[in-house]
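**Student:** Coordinates for the following, if possible.
(2 chains)
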Amino acid sequence: MITLDESTLIAYVDGELDAETVRLIENKLSTDATAKKYVEHLREIAALSRIAFNATLHEVVPQALKDTILKNAAIEEASGNVVAFAPRANNEWRIALPMAAAVACLFLGLGGGYQYSKTTTENALKLAAFTQQQDQSAMDLALNQALEVNISGDTQSWSNPDSNRSAAFTPVRTYQDKSGTFCREYRKDIHTDDQAETTFGLACRDDQGQWKTRYLILDNKADQTF
Amino acid sequence: MDARTQQELVAILPRLRRFALGLTRNEAAADDLVQSACEKAISRIDQWEPGTRLDSWMFRIIQTTNIDQLRSQKRRDSHLKVVENQGESSFDGERAAEASMTLDAVRRAIYTLPDDQRAVVMLVSVEGLSYKEASEALEIPMGTLTSRLVRARTALARILQEQDGDMNIANNDKVSPLERGATT
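**Tutor:** Numbering: from 1, shown residues only, chains lettered A, B, ... in the order given. Next comes the predicted model:
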């Protein structure tokens, strides 16, 4: 007879139990509301833990660190055989987090960040992916420009007729944190063909005048909010 | 180390940095730790069996390197100081987005866990390793791993529930599920 103690439920949430045990547990859970709630709570914490550390995953790795590993490769592969890595996709896209409820993506078991890139790249042809990367770089520049020079409420527009993609970047609010760093909330509207996507971000300015997005919130219901 | 392994190692650097951040709670210390671990890995690459997971092997090196460093440097006090300044919470509280506050709270809750529990949470919850992989990476028996995991999870559940009633993380009912009997 199986008991729904904490360690069993934790192993269940972590997917560590065999199919038969899972079936027994799910049977018991259907009649034990408290345990069920606890399972949801555990799932939520596990998913939030993943998302909470996502930012590190999408930061630029310090070159010194890469060099530690690659300095020998450069000698071994002197003639340029080194396979190039795909250019980094934009940070911001991968730190997407649904606004209304972080919970929404939690139950999908996603690490938050990969949600966007996964669904798009699955269907995208290589060429489209390449164009998108170029667009992404251009949009990064436009966003940086908007955050650097636009007053709050003023929109900076960008478009690429070749890819049928356009974007609008609007700084919404400006703060200064305790260390004196300027941070701005912004709204980003991107139209690709007939698809529209609105995201809200929070970016802070570094010493070099680059705005680094710390949080990005994907709003699927922008039309209702605004 | 052949070029392919080197590239694979570069490709997993973001995950290694994330794990190291979880262990050290400090970005600069995390990069130092990953740096040391990579140097060790390169010098001992013959100990890695091609075909097995490079990431698990690296997590193990990072973990043992961190323990060695903690023992030799006894920098625990400086680590604790860093925790207080950690995170993006220096914005005016009411202005920060709710989502970011929740994530901040979760990160800080994880940072309050003891070192051994935090390592387990980072590997199982954050990196998504199986219990077996995590116990191998940390070189601890499965039973030790699961008991640390249970202690860590229940502590996180308690911390996050105590912190705020109206954050997403909190359940609506006032009774903590943890307060129920151990066997139902």
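**Student:** What segments of chain B are helices?
**Tutor:** Using DSSP state H, the helices of chain B run over B:3-11, B:13-24, B:27-43, B:54-73, B:76-85, B:98-112, B:115-121, B:131-138, B:142-163.
**Student:** what's the least confident stretch among those?
**Tutor:** Per-segment mean pLDDT for the helices of chain B reaches its minimum on helix B:76-85, at a mean of 44.
**Student:** helix or strand for the residue in chain A that chain B sits nearest to, which one?
**Tutor:** The minimum distance from chain A to chain B, using C-beta to the nearest C-beta, falls at residue A:38 (3.5 Å). Yep, even glycine has a C-beta here, placed from its N, CA and C like the rest. Using DSSP states H and E, residue A:38 sits within helix A:33-52.
**Student:** and the next element down the chain from the helix of greatest length in chain A?
**Tutor:** Longest helix in chain A, counting residues (DSSP H): helix A:126-149. Later in the chain than helix A:126-149, the nearest helix or strand by DSSP H and E is strand A:156-160.
**Student:** Buried residues, that following strand. List them.
**Tutor:** Across strand A:156-160, burial judged by 16 or more other C-beta atoms under 10 Å in any protein chain shown covers A:156, A:158, A:159.
**Student:** ok, now which ones touch the closest residue to residue A:182 other than its chain neighbours?
**Tutor:** The shortest distance from residue A:182 to any non-neighbouring residue, by C-beta to C-beta, 6 or more residues apart in numbering or on different chains, is to residue A:205 (4.7 Å). Applying C-beta atoms under 8 Å, 6 or more residues apart in numbering or on different chains to residue A:205 gives the contacts A:147, A:148, A:181, A:182, A:183, A:184, A:211, A:212.
**Student:** again, only this time at 10 Å
**Tutor:** A:144, A:147, A:148, A:174, A:176, A:181, A:182, A:183, A:184, A:211, A:212 (C-beta atoms under 10 Å, 6 or more residues apart in numbering or on different chains).
**Student:** From residue A:38, how far off is the residue lying closest to residue B:62 once chain neighbours are set aside?
**Tutor:** Spatial nearest neighbour of residue B:62, excluding adjacent residues (C-beta to C-beta, 6+ apart): residue B:37 at 4.5 Å. Noted for residue B:37: a distance of 36 Å to residue A:38, by C-beta to C-beta, to the nearest Å.
**Student:** what's near enough to touch the closest residue to residue A:153 other than its chain neighbours?
**Tutor:** Leaving aside its chain neighbours, residue A:153 sits nearest to residue A:170 (6.8 Å; criterion: C-beta to C-beta, 6+ apart). Going by C-beta under 10 Å, 6+ apart, residue A:170 touches A:146, A:150, A:152-157, A:185-189.
**Student:** do that again at 8 Å, thanks
**Tutor:** Residue A:170 sits next to A:146, A:150, A:153, A:154, A:155, A:156, A:186, A:187, A:188, A:189 when contact means C-beta under 8 Å, 6+ apart.
**Student:** so it sits in a strand?
**Tutor:** Yes - Residue A:170: assigned to a strand according to DSSP: H, G, I helix; E, B strand; the rest coil.
**Student:** Out of the helices of chain B, which is the most enclosed?
**Tutor:** helix B:13-24 (a mean of 24; mean count of other C-beta atoms under 10 Å in any protein chain shown).
**Student:** Output that one in CSV, but only the C-alpha positions, please.
**Tutor:** Extracted in CSV, the C-alpha atoms of helix B:13-24 (Å, rounded to 0.1, in the frame of the first residue of the first chain):
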residue,chain,number,x,y,z
LEU,B,13,29.3,26.8,-20.4
PRO,B,14,26.0,28.7,-19.7
ARG,B,15,24.7,25.7,-17.8
LEU,B,16,27.9,25.3,-15.9
ARG,B,17,27.8,29.0,-14.9
ARG,B,18,24.2,28.6,-13.8
PHE,B,19,25.1,25.7,-11.6
ALA,B,20,28.2,27.5,-10.2
LEU,B,21,26.0,30.6,-9.4
GLY,B,22,23.7,28.4,-7.5
LEU,B,23,26.6,27.0,-5.5
THR,B,24,28.5,30.3,-4.9
